[in-house]
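> need a structure here:
(chains A, B, C and D)
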2 protein chains.
Amino acid sequence: MPYLLLKDLPRYECLLEAAKEFPDLDPSAVEAFLHLLHTGDEVFGVTDHNLSDHNISHGRFGVLLLLWRSAQPRPAPSRDADECVPGPRTPAELAEAAGVTRATMTGLIDTLERDGFVKRAPDPIDRRQMSVRLTPAGERFLHEFLPGHFKSIAALLSPLSETERKTLVRLLGKIQDQAAALNPRRAVTLASSPG
Amino acid sequence: MPYLLLKDLPRYECLLEAAKEFPDLDPSAVEAFLHLLHTGDEVFGVTDHNLSDHNISHGRFGVLLLLWRSAQPRPAPSRDADECVPGPRTPAELAEAAGVTRATMTGLIDTLERDGFVKRAPDPIDRRQMSVRLTPAGERFLHEFLPGHFKSIAALLSPLSETERKTLVRLLGKIQDQAAALNPRRAVTLASSPG
DNA sequence: CAATAATCGTTAGGCGGCTAACTGTCTGCC
DNA sequence: GGCAGACAGTTAGCCGCCTAACGATTATTG
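Next up is the predicted model:
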C-alpha cells in the first residue's frame, strides 16, 4: 500500500550476481531487508484493507486508539505512575505518541472531527492548548472494529508458533536497535530528562 | 517515516490486560505484529534518510532501480528467458513492477524527468506507449548512491548471524504467505498464465 | 511589569500514494 | 472499412505525510 515498491522481490541468484558488481552488497542482508519491508507492507495492507471498509485510514485509526486509551477509566489507577502511559489528550501529545508532526496531527484531527469520531474543545486553563476526545461514535467504531482487527492480527500470525513469534520479535528487536543507532532522526535524549 | 503510528510500542503487560477486555486479542500475535510494522518503519527510515541526502524519495529510487536493471547489458542473455526479469520500460510496466498504480507512476516519472534522472520518449511503434530510460545523470546517481545504500543494509543486518537471517526470512515468508491469502488485493492469477 | 523565549495549534506548499475519469491509440469483429 | 472495446498515459481531486512559518498564549527573566 504505502511505501515499498518492488512488488516482486529479486531472486537470491540475482543478488549474488549483483554482488559481483557491488562489493558492498551483502546478499543475505539485502534479502532480509527486502523481505522485511515487503512483509511489513503486506501486513499493513491487510489491516488497511479492514480499516478502509469503515472509511478510516491507518493514521486516523492510530489517533482513535490513542484517544481510546486516554479515555479508559483506568481500573487500577495508582499502581505504577506510567503503568500503561497516562494517555495523550492534546494534539501535541497525540503527535508525539503517534510519531508524526503536529501539523500532520492537525490534519488527522480535522478529518476525524469532520467525520464525527472526535471532538476538539479548548482548554480553559492553557488557552494555547486543545483537548481532543473521542465522541460516542468514535468509541462505538472502536468497539465494533477492534475484535475483527485482533482476529486479523491473530490470523496473520497464526502460522507461527509461540516460540517462533518470540524468535521473530527478538530478531526484529536487534534490527530495531541497530536502526535506532544508525538513524539519528531523533537525537538521543540522554541529558534532557528533567528529574 | 511514512506509515506506522504508535511510536512507543505498548508493553506486553498492557496487551495482556487489554486481552481481558477483547477475547480476540492474541497478545503474542499483536506484539509480533507491532514489532514487525515498527521495525519496517525504522528500517525504512534509515534508507529514506540516506536517500533524502540526495533529494531522492524512496518511490523514485525504486523507479531508478527498475530502470537500471532494464538498462543492464545482460552479459549472459540467453541462459534463462526470465533469468532476472527482462526489465520494465514503459510506465505501465514500471507501475506493475513497483506495485503502484499507473497514475502514481506518472507522478514519479514527472519528478524524475524534471530532475533529469530519466527521460521519456515516445514509442514509434505503439503510439500509446512511452519508453522511459535512465539518463547519464540517473546512472551516475545510482553508481554513487548504491554502495552506501548496500553498506547501510549490511549495517542494519549486521547484528544478525547468517543463520538468524535465514530464520528471519523464513518466518517473514510465513507471514507473507498468510497476508497474501488474507489480502485479496490482487485476486490469485491461477488460470491466467498463458502457457 | 516588560521583554524575550518557548510552546501550542494552525496554515501553506510540496510529495507521493490512491480512485475515477478522460483522451488517444490499437485491436478485433462484423 | 468502420465501429465497439481494450489499453496506455495523463489528469483531477482526495488523503496523509513532511517542513517552514505564522499568530496566540504562556513561561522566564531581568
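> can the helix or strand where residue A:65 lies be found next to chain B?
Assigned by DSSP states H and E, residue A:65 belongs to helix A:58-71. Yes - using C-beta under 8 Å from any C-beta of the partner chain, helix A:58-71 comes into contact with chain B via A:58, A:59, A:61, A:62, A:63, A:65, A:66. C-beta here means a position set from N, CA and C on the backbone, and glycine is covered the same way.
> which one of the residues you listed is nearest residue A:20?
residue A:58 (39.9 Å; C-beta to C-beta).
> Might one say that residue A:39 is in contact with residue B:169?
No - if you go by C-beta atoms under 8 Å, residue A:39 and residue B:169 don't touch, sitting 9.4 Å apart.
> Return the per-residue confidence for residue A:184.
Looking at residue A:184, its pLDDT is 60.
> swap in residue A:192?
pLDDT, residue A:192: 35.
> Look up how far DNA strand D lies from residue A:162.
As judged by C-beta to the nearest atom of the strand, to the nearest Å, residue A:162 and DNA strand D stand 31 Å apart.
> Contact partners for that residue?
Applying C-beta atoms under 8 Å, 6 or more residues apart in numbering or on different chains, we find residue A:162 in contact with residue B:28.
> Can you give me the pLDDT of it?
pLDDT, residue A:162: 96.
> secondary structure class for residue A:131?
strand (DSSP: H, G, I helix; E, B strand; the rest coil).
> pretty sure it contacts residue A:120?
Yes - here residue A:131 reaches residue A:120: they are 7.3 Å apart, a contact under C-beta under 8 Å.
> Looking at the residues of helix A:58-71 next to chain B, state which has the most neighbours.
Top of these by neighbour number is residue A:63, holding 29 neighbours under the definition other C-beta atoms under 10 Å in any protein chain shown.
> From DNA strand D, how far off is that one?
Taken as C-beta to the nearest atom of the strand, the span from residue A:63 to DNA strand D is 8 Å.
> can you tell me the helix or strand for residue A:125?
Per DSSP H and E, there is no helix or strand for residue A:125.
> so what's the closest residue to residue A:106 other than its chain neighbours up against?
Of all residues not flanking residue A:106 in the chain, residue A:91 sits nearest, at 6.3 Å (C-beta to C-beta, 6 or more residues apart in numbering or on different chains). By C-beta under 8 Å, 6+ apart, the residues touching residue A:91 are A:102, A:105, A:106, A:109, A:130, A:132.
> For the residues you listed, could you give me CSV that also reports pLDDT and neighbour count?
As requested, the contacts of residue A:91 are exported to CSV (pLDDT from 0 to 100; neighbours: other C-beta atoms under 10 Å in any protein chain shown):
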residue, pLDDT, neighbour count
A:102, 95, 13
A:105, 95, 23
A:106, 96, 13
A:109, 96, 22
A:130, 93, 16
A:132, 95, 24
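> Can you lay out these as a markdown table showing distance to residue B:146?
Output for the contacts of residue A:91, formatted as a markdown table (distance: C-beta to C-beta, whole Å):
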| residue | distance to residue B:146 |
| --- | --- |
| A:102 | 36 |
| A:105 | 36 |
| A:106 | 38 |
| A:109 | 41 |
| A:130 | 46 |
| A:132 | 44 |
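> residues from chain A in reach of DNA strand C?
Taking C-beta under 7 Å from any atom of the strand as the contact definition, chain A meets DNA strand C at A:1-3, A:5, A:90-93, A:102-103, A:105-107, A:109-110, A:120, A:126, A:128-130.
> Residue A:54: what's it in contact with?
Residue A:54 touches A:141, A:145, counting by C-beta under 8 Å, 6+ apart.
> CA atoms of the lowest-mean-pLDDT helix or strand in chain A as CSV?
Least confident element among the helices and strands of chain A, by mean pLDDT, DSSP states H and E: helix A:12-21 (a mean of 73). Extracted in CSV, the C-alpha atoms of helix A:12-21 (Å, rounded to 0.1, in the frame of the first residue of the first chain):
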residue,chain,number,x,y,z
TYR,A,12,18.7,-14.6,-4.5
GLU,A,13,20.7,-15.6,-7.5
CYS,A,14,20.3,-12.1,-8.9
LEU,A,15,21.6,-10.7,-5.7
LEU,A,16,24.6,-12.9,-5.9
GLU,A,17,25.2,-11.7,-9.4
ALA,A,18,24.7,-8.1,-8.5
ALA,A,19,27.1,-8.6,-5.6
LYS,A,20,29.9,-9.2,-8.1
GLU,A,21,29.5,-5.6,-9.3
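> can you map out the strands along chain A?
For chain A, the strands defined by DSSP state E occupy A:118-122, A:130-134.
> what's the last one in contact with?
Spelled out, it's strand A:130-134. In contact with strand A:130-134 (C-beta under 8 Å, 6+ apart) are residues A:64, A:67-68, A:71, A:89-91, A:94, A:109, A:117-123, A:142.
> give me the low-pLDDT residue ranges for chain A?
For chain A, the stretches with pLDDT under 70 are A:1-10, A:13, A:16, A:73-86, A:183-195.
> I'd assumed residue A:95 was in contact with residue A:59.
No - at 11.1 Å, residue A:59 does not count as touching residue A:95 under the criterion of C-beta under 8 Å.
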